[in-house]
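Undergrad: Have a look; sequence and predicted model below, questions after that.
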Amino acid sequence: MIAVEMPVQQEDSLKPRASEVWATDGKSSADDLSPLAMHGISVAYGGTFALSDVDFVVRPGTLTAIVGPNGAGKSTLLKAAIVLVPATGDVRFWGKPLNAVRGRIGYVPQRASVDWDFPVTAQQVVAMGLYSKIGWFRPVTRIWRNKAKEALHRVGLADLADRQIGQLSGGQQQRVFFARALAQEADLYLMDEPMAGIDAATERVIFDLLADCRAAGKTVVVVHHDLDTVPAYFDDVLLLNRKAIASGPISTTFTAANLKATYGGKIAVLDRSSSIAP
Amino acid sequence: MNLLLDYNTRVVLLGTLLLGATAGLVGTFLVLRKRALVGDVIGHATLPGIAIAFLFAEMFSPGTGKNTATVMLGAAATGLLGAAAVSILARVRKVGPDAAQAVVLGLFFGVGASLFRVVQQVPTGNAAGLNGYLYGKAASLVASDVWLFAGAAAVVLLVVLALHKEFVLVCFDAEFATATGRPVKALDLALTALAVAVTVLGLQSVGLVLVVATLTIPPATARFWTDRAGVMTALSAAIGGATAVAGVLVSALAPRIAAGATIVLAAGFCFAVSLVFGPKGGLLSKRTASVATRAA
């Protein structure tokens, strides 16, 4: 079930494979405008389904949160979108397959996914976001180093450009990852738990940067764990627990009933959610 | 030191210098990719290849079994096969990367050891020299070997220079590399091929048991002196070359110790010194002290 605020129309130029997958939903022209439209996504890990038949269509120019309990498959859904995990179903970016638009997608992995003792500086990590533009067999020349520095400046880390990444705080490391995605100059950002384990100040900085991205017409999808900040910062939300429970604008989707359906009988969560959602 | 004036000594020194430097270069990426032990698997997995190549050669043309090129080809084939077996087995959920390495290493070495029994019973060829590949026999290097090493070193250096930024990216964040469309599998394959090449070249001088040490000790040592992958790569090559030369010289003074062993000992000495005194995370460095304070 997808709640997109766009006229839903049947479209003829539909590929047969996609029509099978989208049988439950019908094909909408919104999918061709959507920076990310996923239909019938299933991911199986050793016999059990981490995700089962998930539909998720992101509205352009929004900040969209993916929320749900631990093990709900939030990160897996992001990874399935860019084929970091094998999945069945159909994924389109602006109506096109991944390989046609890879350069327009910026991915921010979980901070814990890399070794921060690795011998690189903050600036060198950010420059990695430029490698597909730099091209094969070419060194990272001054022009590119300056671009990396610019991105670091935007996240407020210009002073720490030459510091080895293990010498940064958790929040600074997260901002380095964000700067690397900014350097890609993408149109769609997929961020996996960017607020995990960071201080309140950094969270504020990152939310401001996300708002800047939206103002620049970009779309941001964030795997998020903190329900409290969802209504204040995001436009849309996907409530996920192995299946898509509900998705759409905060006002209509982030409701106590939907949260209960997502989190089950976890009272603490329900108490909190009932106070923020009408 | 009139030792250095001797032609044979110079050949051996130059050969091991090239080999040590190349191993240090390639080993940097094995260590950064957290696949140091794959070097050990490849080393041990060359043993059945050496035996099979010998047997085939003796079958078709008796007396040619110990031909260096033949042996190297066989070693490379099963070395690659071993690396491939690890990457396939590691993906089986109930096995995992750790056990996959141990299983493949043991299995391939076991097959090789069994085949060596057969090799020793071949009447036509003299198999005695084959045992030298276990611990290496640096003194047996000849000028043609050195030319081969020089050529291989040039190729390896070229590949590493051309793909350095991609190799570092894959080592640091393979997920991001995949997401941005870099061919991670091909880059990993290139890295494995380089490791196999270095291992095969190192069979004669350091031997298949100790070749992993020449791949991993220099980069592990270099890490204590720099926080930059590029500097680490160059430093590791330098340490690999220097400790190889030092090891050969020590071995020349104490001829009963295999050069492979003395090379590893020289590298081990550098590692120990760096572990204690290295400014980037050595035991006495400020950074380590501050980490310890934070932990306390």
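TA: Right, received. Where do you want to start?
Undergrad: what bits of the chain have low per-residue confidence?
TA: No chain was given, so I picked chain A. Applying pLDDT under 70 to chain A picks out residues A:1-28, A:265-278.
Undergrad: meant chain B actually
TA: In chain B, residues with pLDDT under 70: B:1-5, B:124-128, B:287-296.
Undergrad: Which positions in it make contact with chain A?
TA: B:32, B:34, B:93, B:162-163, B:165-166, B:168-169, B:171-173, B:175-176, B:178-182, B:223, B:226-229, B:231-232, B:280-281, B:287 (Cβ under 8 Å from any Cβ of the partner chain). Where C-beta positions appear, they are placed from N, C-alpha and C, glycine not excepted.
Undergrad: so of the residues you listed, which ones are in strands?
TA: Counting by DSSP state E, no part of these is found in strands.
Undergrad: now those: which count as buried?
TA: B:32, B:163, B:165-166, B:168-169, B:171-173, B:175-176, B:178-180, B:182, B:223, B:226-229, B:232, B:280-281 (16 or more other Cβ atoms under 10 Å in any protein chain shown).
Undergrad: Now stretch A:151-164: buried residues?
TA: A:Ala151, A:Leu152, A:Arg154, A:Val155, A:Leu157, A:Leu160, A:Ala161, A:Arg163, A:Gln164.
Undergrad: Identify the residues contacting the closest residue to the fifth one other than its chain neighbours.
TA: In space, and not counting its chain neighbours, A:Leu157 is closest to A:Arg175: 5.6 Å by Cβ to Cβ, 6 or more residues apart in numbering or on different chains. Contact analysis of A:Arg175 by Cβ atoms under 8 Å, 6 or more residues apart in numbering or on different chains lists A:Val155, A:Gly156, A:Leu157, A:Thr202, A:Val205, A:Ile206.
Undergrad: gap between whichever strand or helix holds A:Arg175 and the chain center?
TA: Per DSSP states H and E, A:Arg175 falls inside helix A:170-183. Computed by Cα atoms, centre = their mean, to the nearest Å, the chain-centroid distance of helix A:170-183 equals 14 Å.
Undergrad: Which positions within it qualify as buried?
TA: Here helix A:170-183 shows A:171-183 as buried, counting by 16+ other Cβ under 10 Å.
Undergrad: from those residues, which single one is nearest B:Phe269?
TA: A:Gln173 (35.4 Å; Cβ to Cβ).
Undergrad: Now do the SS call for the most centrally placed residue in chain A.
TA: Central residue of chain A (Cα atoms, centre = their mean): A:Leu190, 2.7 Å from the mean position. At A:Leu190 the chain is in strand, as set by DSSP: H, G, I helix; E, B strand; the rest coil.
Undergrad: which residues touch the strand or helix carrying B:Pro219?
TA: Secondary structure assignment for B:Pro219, by DSSP H and E: helix B:211-222. The set of residues external to helix B:211-222 that reach it, using Cβ under 8 Å, 6+ apart, is B:19-20, B:23-24, B:26-28, B:30-32, B:36-37, B:39-40, B:42-43, B:195, B:198-199, B:202-203, B:206, B:231-233, B:235-237, B:239-240, B:243-244, B:263-264, B:267-268, B:270-271, B:274, B:278.
Undergrad: let's go with 6 Å and repeat that
TA: For helix B:211-222, the surrounding residues in contact (Cβ atoms under 6 Å, 6 or more residues apart in numbering or on different chains) are B:23-24, B:27-28, B:30-31, B:36, B:39-40, B:43, B:199, B:202, B:206, B:232, B:235-236, B:239-240, B:264, B:267, B:270-271, B:274.
Undergrad: Among these, which are located in helices?
TA: Taking DSSP state H as the definition of helices, the contacts of helix B:211-222 contribute B:23-24, B:27-28, B:30-31, B:36, B:39-40, B:43, B:199, B:202, B:232, B:235-236, B:239-240, B:264, B:267, B:270-271, B:274.
Undergrad: ok, of those, which come out buried?
TA: B:23-24, B:27-28, B:30-31, B:36, B:39-40, B:43, B:199, B:202, B:232, B:235-236, B:239-240, B:264, B:267, B:270-271, B:274.
Undergrad: If you check the stretch 1-150 of chain A against chain B, which residue is the closest one?
TA: A:Tyr107 (3.9 Å; Cβ to the nearest Cβ).
Undergrad: So that residue, which state does it fall into?
TA: strand.
Undergrad: show me what contacts it?
TA: A:Tyr107 neighbours (Cβ under 6 Å, 6+ apart): A:Leu190, B:Ala179.
Undergrad: re earlier: and the buried residues of stretch A:151-164 as CSV, adding secondary structure and distance to A:Gly129?
TA: Converted to CSV, those look like this (DSSP: H, G, I helix; E, B strand; the rest coil; distance: Cβ to Cβ, whole Å):
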residue, secondary structure, distance to A:Gly129
A:Ala151, helix, 7
A:Leu152, helix, 11
A:Arg154, helix, 12
A:Val155, coil, 12
A:Leu157, coil, 14
A:Leu160, helix, 17
A:Ala161, coil, 14
A:Arg163, coil, 18
A:Gln164, strand, 18
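Undergrad: The residues you listed: which two are farthest apart?
TA: So, the buried residues of stretch A:151-164 by Cβ to Cβ: farthest apart are A:Arg154 and A:Gln164, at 21.0 Å.
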